[in-house]
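> model the following, please.
(one chain, ligands or ions: 1)
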Amino acid sequence: MFATKPHHTSVSGLTTAEATLFYSKTVERYARFFDRPEQRLRFLNNTVTHQVACKEKLDRALESYNFIKKLGLYERIKSTGFYDRLLDLWLHRSICRELKEMLPSASDERRKLLQRSQASFTTRLLFRSYEMRRLLYGVAATACVVALLGFAYTAVWTARRVNVYLASRGRIERKNTNSASTQNALIADSSVKHLPDYRPEKVWLVEQQGAYERYSNGARILTDFETANHARGFYVLPHNQATLVKTSSNDGAQVRREPIGIVYHTSESDMLPFTSDNNASIETHTRGLLEYVRKHKSYNYLIDRFGQVYRVVRDTDAANHAGNSIWSDAEGVYVGLNESFLGVCFETNSKSDSLDEQLTEAQLVAGRLLTQVLRSRYNLDDANCVTHGLVSVNPSNMLICYHHDWARNFPFAAFGLSDKYKVAPASVSEFGFTYDDEIAEKLGGDVWSGVKLGEEEFRRRAEQSDMTPEEMRPRMRERYHQQMNLTLRLRISHPAEAEASRQTDGSAAAPVTSSSSSLSSRSNARPT
Ligand SMILES: [Zn+2]
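Numbers count the residues shown, from 1 in each chain. Presented below is the predicted three-dimensional model:
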């Protein structure tokens, strides 16, 4: 770093006498600052003595640390020139200190002396720098502080900018979600299409033990009451088919075997007060109910008051849960939902004189989890998750709401589903089923809003066929019975399933005629 030009390239390994000579050559150049020979000599002696002492101190220090020797660092320090540079730095520090000590303290006199001296420009500059070192340190320190502050400010500014950006993005996204949900609400209000963008969360089986299954969303399904019934099989009826459906099962129409939706029920069984001192009795009641449901193959699932989920009739098989019933989606119309929909029953009943069913907190949670499991497994559309009260019909008098479990107040939102009370039921809009004062009264004064939409739709349809709704209604009842019979024949045409159906309680095992009300009376007897 400094322009020293010694004879030796390195001071390492020099004796004290050699080192003295080596340093003298450098120090002599600075001695030119002094006019008087005795001053020069004193400066030379003081500086070189100090420097030689420094060198000896450094050598002793390097030798006294064992680890430096062991690692061979001593040699490396010397061979890389680090040793020389360190001593060089010390030498110039010693020179400057000594100069400052010996030169006149008055700045004018000192400046004159420096200008007069024969010292080289580099030497003078170096000394000047040494003199002003505190100022230079100050400048350097200030520069560092300014740089650090600048960095910190830039960081804060950037963070603010990022925050502002993210906040604006958030606002845009929230705006989008808001408009999307408004749109969904409109769709749910107007037609059968609801939450079209909603995709059920993917749920999978994690563990299957002897008596239970555990799913990735936390759902647990108990299987110790599981039983079989006849295999599912149904046709999808096209929309707006005022004329009759095909009456043969081998007409090329595709038979469907996978469930297409869920119908929610209540057990309408006796309820004990839901308190801890009734624990044992509540469980005894549940057991009794489960045995009844298993014997009659009433539902695919039962959720007890403690939120335990039991599978009763296997998913692949139809349960006797919905009886005379109709629902539709964008694809088509379904008649007799035992075959096409899974039946999920909550152990609860409605309060006397009202249709207000109560669910426990545990049932709400379990119902939501089970809904996710079934929707994920069978890719069930939100449009096909509905309640018994909304799908049940009585073909003998063409009235809706024969069974009225969850005919109102079903917590659709809590299960991640859209409100089906706002949807026109196909029973009303396509088949012309209607309601009377008794039903309206039962429902708290009036039917749900979807029924009104359905009535308008049916009136429009009758008009298009140049009929009054009253003229069209008997035709539609005929269509309904034919469709039900078609479904029954489908079962009987499969020998194994016919065998299975003979082993059940026999409900709806035989085809019925349009004039017969036996189908409705039998399958509506129980359960709800
Ligand atoms: Zn029911």
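> now do the SS call for the closest residue to the ion within the stretch 201-350 of the chain.
The ion sits closest to His265 of the stretch 201-350 of the chain, with a gap of 3.3 Å, by C-beta to the ion. Placement of C-beta: from N, CA and C, glycine included. What DSSP: H, G, I helix; E, B strand; the rest coil gives for His265 is strand.
> pretty sure it is touching His321, no?
Yes. Between His265 and His321 there is a contact under C-beta atoms under 8 Å: 6.2 Å.
> touching both of the two, which residues are there?
Common contact partners of His265 and His321 (C-beta atoms under 8 Å, 6 or more residues apart in numbering): Tyr299, Gly343, Cys345, His388, Pro527.
> for the first one, phi and psi?
With angles defined as degrees, to the nearest 10, Tyr299 shows backbone torsions of phi -140, psi 160.
> per-residue pLDDT, it?
pLDDT for Tyr299: 98.
> could you double-check that it sits in contact with Ala318?
No. Counting by C-beta under 8 Å, Tyr299 stays clear of Ala318, with 10.9 Å between them.
> which one's more surrounded, those two?
For Tyr299 versus Ala318, neighbours defined as other C-beta atoms under 10 Å are more numerous around Ala318 (31 against 27).
> how about the residues of the chain by the ion?
Counting by C-beta under 5 Å from the ion, the chain comes close to the ion at His265, His388, His403, Asp405, Thr528.
> next, work out how far apart Lys442 and Asp436 are.
Per C-beta to C-beta, to the nearest Å, Lys442 is found 10 Å from Asp436.
> neighbour-wise, which of those two wins?
Each of Lys442 and Asp436 has its neighbours counted (other C-beta under 10 Å); Lys442 has more, 19 against 12.
> from Leu399, how far out is that one?
11 Å.
> circling back: so for His265 and His321, which sits in the more crowded spot?
His321 (30 against 26).
> report the secondary structure state of the more buried one.
coil.
> apart from its chain neighbours, what residue comes closest to it?
Nearest non-adjacent residue to His321, counting by C-beta to C-beta, 6 or more residues apart in numbering: Gly343, 3.0 Å away.
> over to Asn349?
Closest to Asn349 by C-beta to C-beta, 6+ apart is Glu268, at 4.6 Å.
> the one you found: which element?
Under DSSP states H and E, no helix or strand contains Glu268.
> that one: how many residues sit nearby?
For Glu268, the count of nearby residues is 18 (other C-beta under 10 Å).
> please tell me how far it sits from Asn338.
18 Å.
> try Pro411
To Asn338, Pro411 is 24 Å away according to C-beta to C-beta.
> the more surrounded of the two?
Asn338 (28 against 15).
> report the contact partners of the residue nearest to that one when sequence neighbours are not counted.
In space, and not counting its chain neighbours, Asn338 is closest to Ala318: 4.5 Å by C-beta to C-beta, 6+ apart. Neighbour list for Ala318: Asn229, His230, Ala231, Arg232, Asn338, Glu339 [criterion: C-beta under 8 Å, 6+ apart].
> and Lys69, by the same measure?
Shown in contact with Lys69 (C-beta under 8 Å, 6+ apart): Glu63.
> is it true that Ala424 touches Phe458?
No. Between Ala424 and Phe458 no contact is recorded; they are 9.1 Å apart, counting by C-beta under 8 Å.
> make a markdown table from the shared contacts of His265 and His321 and add secondary structure and distance to Tyr215 to it.
Converted to a markdown table, the shared contacts of His265 and His321 look like this (DSSP: H, G, I helix; E, B strand; the rest coil; distance: C-beta to C-beta, whole Å):
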| residue | secondary structure | distance to Tyr215 |
| --- | --- | --- |
| Tyr299 | coil | 19 |
| Gly343 | strand | 19 |
| Cys345 | strand | 19 |
| His388 | helix | 25 |
| Pro527 | coil | 26 |
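> under the pLDDT cut-off, which ranges of the stretch 201-350 of the chain? List them.
Within the stretch 201-350 of the chain, the stretches with pLDDT under 70 are 241-252.
> go again using 80 as the cut-off
Counting by pLDDT under 80, the stretch 201-350 of the chain has low-confidence residues at 201, 240-253, 350.
> follow-up on the earlier one: derive a ChimeraX selection command for the buried subset of the residues of the chain next to the ion.
To isolate the buried ones among the residues of the chain next to the ion in ChimeraX, judged by 16 or more other C-beta atoms under 10 Å, type:
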select :265,388,403,405,528
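> of all the residues of the chain next to the ion, which comes closest to Lys25?
The shortest approach to Lys25 among these belongs to His265, at 108.2 Å (C-beta to C-beta).
> contact partners for that closest one?
Applying C-beta under 8 Å, 6+ apart, one finds that His265 lies in contact with Tyr299, His321, Gly343, Val344, Cys345, Phe346, Thr387, His388, Asp405, Trp406, Pro527, Thr528.
> circling back: between the residues of the chain next to the ion, which is nearest Val139?
Nearest to Val139 among the residues of the chain next to the ion, counting by C-beta to C-beta, is His265 at 85.6 Å.
> what is the closest one paired to in the beta sheet?
His265 has these beta-bridge partners by DSSP bridges: Cys345.
> hey, where'd the strands end up in this structure?
For the chain, the strands defined by DSSP state E occupy 205-208, 212-215, 220-222, 261-266, 301-303, 309-311, 326-328, 333-335, 341-346, 385-387, 393-394, 399-400.
> what about the residue nearest to His321, neighbour count?
27.
> could you do Phe33 as well?
Each residue near Phe33 was counted by other C-beta under 10 Å, and the total is 23.
> so Cys345 makes contact with Tyr301?
Yes. Using C-beta under 8 Å, Cys345 is in contact with Tyr301, at 6.8 Å.
> so who does the residue nearest to His321 touch?
Ile262, Val263, His265, Ser298, Tyr299, Asn300, Tyr301, Val313, Ala319, His321, Ala322.
> pick out the most distant pair among the residues you listed.
Maximum distance among the contacts of Gly343 (C-beta to C-beta): 14.9 Å, for Ile262 and Ser298.
> can you tell me how far the nearest residue to Val335 once chain neighbours are set aside is from the ion?
Distances taken as C-beta to C-beta, 6+ apart place Gln483 nearest to Val335, at 4.2 Å, with adjacent residues excluded. From Gln483 across to the ion, the span is 21 Å (C-beta to the ion, to the nearest Å).
> Gln483: what's it in contact with?
Residues near Gln483 by C-beta under 8 Å, 6+ apart: Tyr235, Leu237, Val245, Val335, Gly336.
> what is the neighbour count of the nearest residue to Val365 once chain neighbours are set aside?
Distances taken as C-beta to C-beta, 6+ apart put Gly307 closest to Val365, at 5.9 Å, once the chain neighbours are dropped. Residues contacting Gly307 under the criterion other C-beta under 10 Å number 19.
> close enough to count as contact, Gly307 and Leu370?
No. With contacts defined as C-beta under 8 Å, Gly307 does not count as touching Leu370, sitting 9.9 Å away.
> neighbours of the nearest residue to Asn46 once chain neighbours are set aside, how many?
Leaving aside its sequence neighbours, Asn46 sits nearest to Glu98 (C-beta to C-beta, 6+ apart; 5.3 Å). When neighbours are defined as other C-beta under 10 Å, Glu98 has 22 of them.
> ok, Glu98 to Val391 distance?
Taken as C-beta to C-beta, the span from Glu98 to Val391 is 107 Å.
> could you do Val263 as well?
6 Å.
> do Glu463 as well
26 Å.
> neighbour count winner among these two?
Val391 (28 against 12).
> show me what contacts the more buried one?
When contacts are counted by C-beta under 8 Å, 6+ apart, Val391 touches Val263, Ala322, Ser325, Ile326, Trp327, Leu337, Pro425, Ser427.
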